[in-house]
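Enquirer: Just to be clear, the model below is a prediction. Sequence and coordinates:
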Amino acid sequence: MPKLSDLTRYSTFAGVVIFAFLSMIAMFGWSGWFVLPFALFTALSLLGLNDVRQSSHSVLRNYPVLGHVRFLMEQIRPEIRQYLLEDDHEEEPFSRDQRSLVYQRAKGQEDARPFGTKKRVYEGGYSWVTHSVQPHHIKDTDFRITIGGKDCAQSYSASIYNISAMSFGSLSGNAIKALNMGAKKGGFAHDTGEGSVSRYHKEGGGDLIYQVASGYFGARAQDGSFDPEIFAVTAKLPQVKMIELKLSQGAKPGHGGMLPAGKITAEIAEARGIPMGQDCVSPAAHSAFSTPIEMCEFIRQLRDLSGGKPVGFKLCIGHQREFMCMVKAMLKTGIYPDFIVVDGAEGGTGAAPLEFANHVGMPMVEGLTFVHNTLRGAGIRDEIKLGAAGKIISAFDIARALALGADWCNSARGFMFAIGCIQAQACHTNHCPVGVATQDPLRAHALDPIHKSARVARFHRETLDALGEMTGAAGLSDPSGFLPHHLMQRQSDRSMVQGNKAFPYLPVGFLIDPNAEDHKGYKDRWSRATAETFNPPEYV
């Protein structure tokens, strides 16, 4: 016979059955109002009966009715953690302190903090900007940079802080419109992401960076290949100021994607140039080129087809040798991209397999440092502008990226917070509670583009104002003057190191000078890189 302790797991189920029976008696013998508890307990009894009969969940068979509490708590665990248990500085993936900074600036609220820093300044990893005893006062904080190299006919004066790539399809139409309207009000750029230029981008009227990814949306032939004529139509839109060739993204480098037919709406099909009723595949690699030289030639083709607009590429660094292959191809062909955007593995607006999100790709700091020094070593750093992306939401984040070699910065999730994202981390479920990352029209309707666009512009403006104050405090007149020696970083609980020691600028031209010494293995990788192929050399 089973023990009494074994039977107690059915006590909840037995209880609701008993209460259903008692409610039925009371309903007929005492008051008709007992129909309500009778209905409730009857429904729970039927649920318990189904639990003991089903075979999918062992916990429900052993604990009918009660077992559902476990699934309920699991479902609301992120919200409970975020609102009640999370530390202000615990990154999941953005801390409450970071999110609060964006919210306050977007809303125009006071962002000063009383009673000193909450950072643990004596722990390893803490970093800071060195300040001067002769600070500058900077009035104009509309910091800009001109992007466009020797072969560019339509250079672009870009803000040093812009909206990073997020597609219509991953974000709602109202979210895209709010971001783009905010970009227009603030005078900065909005990257379309790989989903091409949608009607919501056009309605916003703001400057666009048109991203061309492996799916070639907005430039796509019926067989999924690149179509030059269709590309030219999109690229020559007056709103499009630059073209960005996406090789990989920080959220899931080296991974393609598929948009199921059931999620393709008429508006998404219109923007991407894809048919309804068919799964839409984004391959992991481009079909328009397969070698470094072919990639450079494709960049030249895109520049010509766009009428001479700046063309560059975006990537998260993987095999360092492969990036050196691209640089060698630039030197061999004389074709330079106008810009390169380095995305860090900490990027995350695109939903990704857990292993890719956690363990594939180089973080932004190391990736940016490597790209910057490789271009310096090849002697072409001055020919190409560098952008950086990866959890850049504060003035310090921007200052650090500029010091490490970037010319400008992009942010995706920072601007998502500005339009109301609460980090529910339901982006891939279509159930975004604030209408940002969803195609559900009722959920998206909750987001007012006009109101949220003002918050986008205000967040941008106040972040650059803060950057201006930090720049002046460092004794500089422009943030482009930040260099590694303006940074300090604590390596352990007792030691600190200056930025030019942790992230040094390597000598100009050392990679192409056979007599120059090697630095951190750069010349060894350079010797194994070739402009003709991305394939690794054969080891003997």
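Expert: Done, it's in.

Enquirer: drop to CA atoms for contacts and neighbour counts, all remaining ones
Expert: OK.

Enquirer: low pLDDT regions in the stretch 351-500 of the chain?
Expert: In the predicted model of the stretch 351-500 of the chain, residues 351-354, 356-357, 493 satisfy pLDDT under 70.

Enquirer: please redo it, this time with the cut-off set to 90
Expert: 351-361, 422-433, 437-441, 489-500 (pLDDT under 90).

Enquirer: Strands along that one, start to end?
Expert: 385-389, 408-411, 487-490, 496-498 (DSSP state E, counting those that start in this stretch).

Enquirer: what do you get for the stretch 1-150 of the chain?
Expert: Under DSSP E, counting those that start in this stretch, the stretch 1-150 of the chain gives strands at 127-129, 144-147.

Enquirer: pLDDT averaged over the longest one - what is it?
Expert: Predicted confidence along strand 144-147 averages 98 (mean pLDDT).

Enquirer: Sheet partners, orientation included, of the next helix-or-strand element following it?
Expert: Next helix or strand after strand 144-147 toward the C-terminus (DSSP states H and E): strand 156-159. Using DSSP bridges, the strands paired with strand 156-159 are strand 144-147 (antiparallel).

Enquirer: Show me the contact partners of the strand it pairs with.
Expert: Strand 144-147 has contacts (C-alpha atoms under 8 Å, 6 or more residues apart in numbering) with 155-160, 310, 338-339, 385, 407-408.

Enquirer: same thing but at 7 Å, please
Expert: Here strand 144-147 makes contact (C-alpha atoms under 7 Å, 6 or more residues apart in numbering) with 155-160, 310, 338, 385.

Enquirer: For stretch 127-138, list the C-alpha coordinates in PDB.
Expert: The C-alpha trace of stretch 127-138 is given here as PDB (Å, rounded to 0.1, in the frame of the first residue of the first chain):
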ATOM      1  CA  SER A 127      37.400  52.100 -15.000                       C
ATOM      2  CA  TRP A 128      37.300  55.900 -15.100                       C
ATOM      3  CA  VAL A 129      38.300  58.900 -17.200                       C
ATOM      4  CA  THR A 130      41.100  61.100 -16.000                       C
ATOM      5  CA  HIS A 131      40.200  64.700 -15.500                       C
ATOM      6  CA  SER A 132      42.200  67.900 -15.800                       C
ATOM      7  CA  VAL A 133      42.700  70.800 -13.400                       C
ATOM      8  CA  GLN A 134      42.000  73.100 -16.400                       C
ATOM      9  CA  PRO A 135      38.600  71.800 -17.700                       C
ATOM     10  CA  HIS A 136      37.000  73.300 -20.800                       C
ATOM     11  CA  HIS A 137      33.400  74.500 -21.100                       C
ATOM     12  CA  ILE A 138      31.800  73.200 -24.300                       C
END
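
Enquirer: Counting neighbours, what do you get for the nearest residue to Pro507 once chain neighbours are set aside?
Expert: Of all residues beyond its chain neighbours, the one nearest Pro507 is Gly377 (6.3 Å), with distances taken as C-alpha to C-alpha, 6 or more residues apart in numbering. As a burial measure, Gly377 scores 23 neighbours (other C-alpha atoms under 10 Å).

Enquirer: swap in His451?
Expert: Around His451 there are 12 residues (other C-alpha under 10 Å).

Enquirer: List the contacts of the residue nearest to Pro507.
Expert: 506-511.

Enquirer: 6 Å instead, please
Expert: By C-alpha atoms under 6 Å, 6 or more residues apart in numbering, the residues touching Gly377 are 508-511.

Enquirer: go on, Asp279?
Expert: 259-261.

Enquirer: Also Arg321?
Expert: Here Arg321 is in contact with 525, 529 (C-alpha under 6 Å, 6+ apart).

Enquirer: mind checking how far it is from Lys523?
Expert: Using C-alpha to C-alpha, to the nearest Å, Arg321 is found at 10 Å from Lys523.

Enquirer: rewinding a little: from the contacts of strand 144-147, which is closest to Ala183?
Expert: For those, the residue nearest Ala183 by C-alpha to C-alpha is Ser159; the value is 10.1 Å.

Enquirer: now that closest one, nearest residue through space, not along the chain?
Expert: Closest to Ser159 by C-alpha to C-alpha, 6+ apart is Arg144, at 4.3 Å.

Enquirer: What about the one you found, how many residues nearby?
Expert: Arg144 has 18 nearby residues by other C-alpha under 10 Å.

Enquirer: shift numbering so it begins at 12
Expert: Shifting the count to begin at 12 puts that one at Arg155.

Enquirer: about what we covered before: return the closest of the contacts of strand 155-158 with respect to Ile404.
Expert: Using C-alpha to C-alpha, the contacts of strand 155-158 come closest to Ile404 at Ile171, 12.6 Å.

Enquirer: Just grab the bridge partners of the residue nearest to that closest one when sequence neighbours are not counted for me.
Expert: The shortest distance from Ile171 to any non-neighbouring residue, by C-alpha to C-alpha, 6+ apart, is to Trp419 (4.2 Å). Using DSSP bridges, the bridge partners assigned to Trp419 are Gly398.

Enquirer: For Arg472, see how far away Gly119 is.
Expert: 10 Å.

Enquirer: So which of these two has more stuff around it?
Expert: Comparing Gly119 with Arg472 by other C-alpha under 10 Å, the one with more neighbours is Arg472, at 19 against 13.

Enquirer: for that one, what are its contacts?
Expert: Counting by C-alpha under 6 Å, 6+ apart, there are no residues that Arg472 touches.

Enquirer: what's the answer for the one 10 residues further on, then?
Expert: Listed by C-alpha under 6 Å, 6+ apart, the contact set of Thr482 reads Pro490.

Enquirer: From Ile391, how far out is it?
Expert: 27 Å.

Enquirer: Give me the phi and psi angles of the residue lying closest to Arg210 once chain neighbours are set aside.
Expert: Leaving out its chain neighbours, the residue that sits closest to Arg210 by C-alpha to C-alpha, 6+ apart is Ala282, at 7.2 Å. The phi/psi pair for Ala282 (degrees, to the nearest 10) reads phi -70, psi -40.

Enquirer: what about the nearest residue to Gly135 once chain neighbours are set aside, how many residues close to it?
Expert: Counting by C-alpha to C-alpha, 6+ apart, Ser503 is the residue found nearest to Gly135 once chain neighbours are left out, at 4.0 Å. Ser503 is flanked by 13 other residues according to other C-alpha under 10 Å.

Enquirer: ok, the residue nearest to Val140 when sequence neighbours are not counted - how many residues close by?
Expert: Spatial nearest neighbour of Val140, excluding adjacent residues (C-alpha to C-alpha, 6+ apart): Leu498 at 4.7 Å. Residues lying near Leu498 (other C-alpha under 10 Å) number 23.

Enquirer: Okay, Leu498 and Asn384: tell me how far apart.
Expert: Taken as C-alpha to C-alpha, the span from Leu498 to Asn384 is 18 Å.
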